[in-house]
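Participant: pasting the structure only:
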């Protein structure tokens, strides 16, 4: 069993429950008498580099519980991806502060970071226990049934589409909602959980797991619109053509990339606008509206899955237990063990790092524009309690008088 | 006291509580023994024209209560603006069905419709009692302290900015959130209620009540960004230059107008993208993100003010009471009568119809980019119970070791 100080940090995009994991680490670590201090690094690995730590051991339990309920990374985040030199600087700081445990809460880019830091620590002969704690609204970590943060974002998307469908039913036309998800369509697919009645939208769902063909898209929209006079569409920001080129790139003049080489897909309404323009001009439909859910879907305060909250907390607690009672580095993973219960495993870092999970074929309907019942059953328990539901007036038509007489 | 059948319809953009008013009318009308039937017209005045009625008298109380909690117009809505000929067709249908009361739930375009229908009825000598029930997320009806629908949308906007501020603090940069509001900035101003700590965003708020000058905007953003390293901005979709030209028009190639002559501002991310592009290129700030809240802010299921729900219900109930016990047409208005309580008045239709309220000067800070404490006090009670709140870790900095030694 190791001893001393532990360091926790948060990387990548925030989620609604990432602070549950932070608090899970902090409170669980206090149960171990050999833990002298729990430090938090501000803005991920960058905070280590800059020796920018706060002492979480001085936090009250009450305030930690309040922070746990607050979305987005309380410690701050970063998109930095450490190279060898970066890691050497990190070690210098960790050594100076006698830190022996490093917990990094993040997605697949962050798991990559943990793996590099772990490898560099081994090479340098520095006894650092590195544990990756999963977090991503994209749900794209391999080895996990699902990842903390995804259920709450999925709940937001399902609720948003339930509302957008009502809006569209009230003032009919075509509605395009663009959802986050670079390679994995899980979050976009969650739109399907907003449906209650058979004719509810989303009527069409476009995922990055399937090739996007503009002509087919327009034909799909026309078919739905011809049939029911309206159409609600969920589109992943990561949709791409047959050669893998993102549809947004076909439009964007100035594309932007982050340190991980990722093209900027979020923070712009361009994709929704492009698709709406195509529908307006090619299908001659007048009322076409597009929304890009943007940052709301990952940071909106007050829309959270209680199941997600508990699991994110547990992932943090388990990380500390694995570190203190185990003998290796790794990545905490959620495994489904019932309908519905979960358990936690510690995967090897190389099983997770740099890999991207996408939606299984069994979750995507043969049409390519809907999900299967298997996906609905997979997602439903994750959304948590008290999902709001839409209700309709019953059809009690009044007999026409004038029309009947004419 | 009038008798017979009553007709209720919903016009304009949906809100989170517009069905509360519908259910308020329906249930209250049942208390009057002279009310034989309550009909609902599908899709506003268009449903009257097309004789498309459903019999709400056959609805169960339980289902009506479920519908009341559902956002968006349960009867469907319309953007039609009746002219004289349209109204003559309407009378033909109302006469045929012996309808003597017309309740129209809507915003200022809808109050205009009610006024035209009322005038046409009087000219035609048809005994039709016309009551307008207020509804608009824009809060731009004159004679009202506020309008049903606005508090819930304001709550969504405040919660969205509370989350966006956390996201921006975690991954610093510039964030632009575009909020609905053609002429009135109330909903955009609601972003200020998402602030808890002094350095929280939104740091800048741009309202249609003030002239938008791009150079000043860029200088404002630069000043905030230079000071705190980040900047969260709330922008109304209706911002315009000194000559009144909407900023979005300066960009849009193909602009779209509805039947009321309104330029399409929503359902496109163009304004946010334009502003982000200006900030990126002129201020050389790398991380600039824009979201357009779009339809989420008026139809999101599961984000509602309980105060708004009750008031929207009461506005519907009062409309029936005014119609049954009064002797004139009019528009129901909410008056504040305490801190916090409300009462209801019946205004003359011409006091409300076709008029647009904008934010009072006392609500806008001298800088033009913030709200006043008076506005915060005005809005706070409307947002309802259990507003989610952000919490922070306390600052317990760990002493630097390496930096101190060098």
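Facilitator: Good, I have the coordinates. Everything numeric here is computed off the predicted structure, so don't read it as measured data.

Participant: tell me who's in contact with whatever residue of the stretch 201-350 of chain A ends up closest to chain B.
Facilitator: Closest residue of the stretch 201-350 of chain A to chain B, CB to the nearest CB: residue A:269 (1.4 Å). To be clear about C-beta, it is placed using only N, CA and C from the backbone, and glycine gets the same treatment. Residue A:269 makes contact with A:178, A:290, A:292, A:294, B:268-270, B:272-273, B:290, B:292 under the criterion CB atoms under 8 Å, 6 or more residues apart in numbering or on different chains.

Participant: tell me how many other residues surround residue A:79.
Facilitator: The tally of other residues near residue A:79 (other CB atoms under 10 Å in any protein chain shown) stands at 18.

Participant: check residue A:312 too.
Facilitator: 33.

Participant: now do the contacts for it.
Facilitator: A:15, A:17-18, A:20-21, A:24, A:135, A:148-149.

Participant: assign a three-state SS to residue A:73, would you?
Facilitator: Under DSSP: H, G, I helix; E, B strand; the rest coil, the three-state class of residue A:73 is coil.

Participant: hang on, isn't it packed against residue A:14?
Facilitator: Yes. Using CB atoms under 8 Å, residue A:73 is in contact with residue A:14, at 4.8 Å.

Participant: so for the two, which sits in the more crowded spot?
Facilitator: The neighbour count for residue A:73 versus residue A:14, taken as other CB under 10 Å, is higher for residue A:73 (30 against 27).

Participant: need phi/psi at the residue lying closest to residue A:280 once chain neighbours are set aside.
Facilitator: Take residue A:280 and drop its neighbours on the chain: the residue closest to it by CB to CB, 6 or more residues apart in numbering or on different chains is residue A:288, 4.9 Å away. Backbone geometry at residue A:288, expressed as degrees, to the nearest 10, gives phi -130, psi 120.

Participant: next one: residue A:180, what pLDDT does it get?
Facilitator: For residue A:180, the pLDDT comes out at 95.

Participant: how about residue A:250?
Facilitator: pLDDT, read off for residue A:250, is 75.

Participant: what is the neighbour count of residue A:280?
Facilitator: Neighbour tally, residue A:280, other CB under 10 Å: 16.

Participant: strands of the stretch 101-250 of chain A, residue ranges please.
Facilitator: Listed in chain order, the strands of the stretch 101-250 of chain A (DSSP state E, counting those that start in this stretch) span A:129-134, A:174-179, A:204-206, A:231-236.

Participant: tell me which of those sits nearest to residue A:339.
Facilitator: strand A:129-134 (21.4 Å; CB to CB).

Participant: partner strands of that closest one and their direction?
Facilitator: Partner strands and pairing direction for strand A:129-134 (DSSP bridges) are strand A:99-106 (parallel), strand A:330-338 (parallel).

Participant: contact partners for the closest residue to residue A:352 other than its chain neighbours?
Facilitator: In space, residue A:352 comes closest to residue A:331 once its chain neighbours are excluded; the distance is 4.3 Å by CB to CB, 6+ apart. For residue A:331, the contacting residues are A:111, A:114, A:131-134, A:141, A:143, A:346-349, A:351-353, by CB under 8 Å, 6+ apart.

Participant: 6 Å instead, please
Facilitator: A:111, A:132, A:347, A:349, A:352 (CB atoms under 6 Å, 6 or more residues apart in numbering or on different chains).

Participant: hmm, which of these is lowest in pLDDT?
Facilitator: residue A:111 (91).

Participant: give me the residue at the spatial middle of chain A.
Facilitator: Taking CA atoms, centre = their mean, the centroid of chain A lies closest to residue A:137, which sits 0.5 Å from it.

Participant: from chain B, how far out is that one?
Facilitator: Note on residue A:137: its distance to chain B, by CB to the nearest CB, to the nearest Å, is 12 Å.

Participant: against residue B:84, how distant is that residue?
Facilitator: Shown here: residue A:137 relative to residue B:84, a distance of 54 Å by CB to CB, to the nearest Å.

Participant: and if you look at residue A:211?
Facilitator: For residue A:211, the distance to residue B:84 - CB to CB - is 54 Å.

Participant: what's the answer for residue A:44, then?
Facilitator: Residue A:44 is 66 Å from residue B:84, by CB to CB.

Participant: so these two - more neighbours on which side?
Facilitator: residue A:44 (27 against 11).

Participant: quick one: the helices in the stretch 251-400 of chain A, in order.
Facilitator: Per DSSP state H, counting those that start in this stretch, the stretch 251-400 of chain A carries helices over the ranges A:270-283, A:296-299, A:306-325, A:349-352, A:373-379.

Participant: save those as a markdown table, and put in distance to residue B:203 too.
Facilitator: Below are the helices of the stretch 251-400 of chain A laid out as a markdown table (distance: least, CB to CB, whole Å):
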| stretch | distance to residue B:203 |
| --- | --- |
| helix A:270-283 | 25 |
| helix A:296-299 | 17 |
| helix A:306-325 | 30 |
| helix A:349-352 | 38 |
| helix A:373-379 | 37 |
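
Participant: re the thing from before, select, out of the strands of the stretch 101-250 of chain A, the one closest to residue B:166.
Facilitator: strand A:129-134 (19.2 Å).

Participant: can you give the contact residues for the closest one?
Facilitator: With CB under 6 Å, 6+ apart, strand A:129-134 has contacts from A:2, A:21, A:101-105, A:111, A:114, A:117-118, A:141, A:144, A:147, A:315-316, A:319, A:323, A:329, A:331-332.

Participant: and stretch A:334-342, by the same measure?
Facilitator: By CB under 6 Å, 6+ apart, stretch A:334-342 touches A:144-145, A:343, A:345, A:381.

Participant: what about that stretch, average pLDDT?
Facilitator: 95.

Participant: and the end-to-end length of that stretch?
Facilitator: 7 Å (CA to CA, to the nearest Å).

Participant: and what of stretch A:134-142?
Facilitator: So stretch A:134-142: terminal residues 10 Å apart, CA to CA.

Participant: list the buried residues of that stretch.
Facilitator: Neighbour-count burial for stretch A:134-142 flags A:134-142 (criterion: 16 or more other CB atoms under 10 Å in any protein chain shown).

Participant: can you tell me the closest non-neighbouring residue to residue A:398?
Facilitator: residue B:53 (3.8 Å).

Participant: do the same with residue A:353
Facilitator: According to CB to CB, 6+ apart, the nearest residue to residue A:353 is residue A:115 (4.0 Å).

Participant: done for today, thanks.
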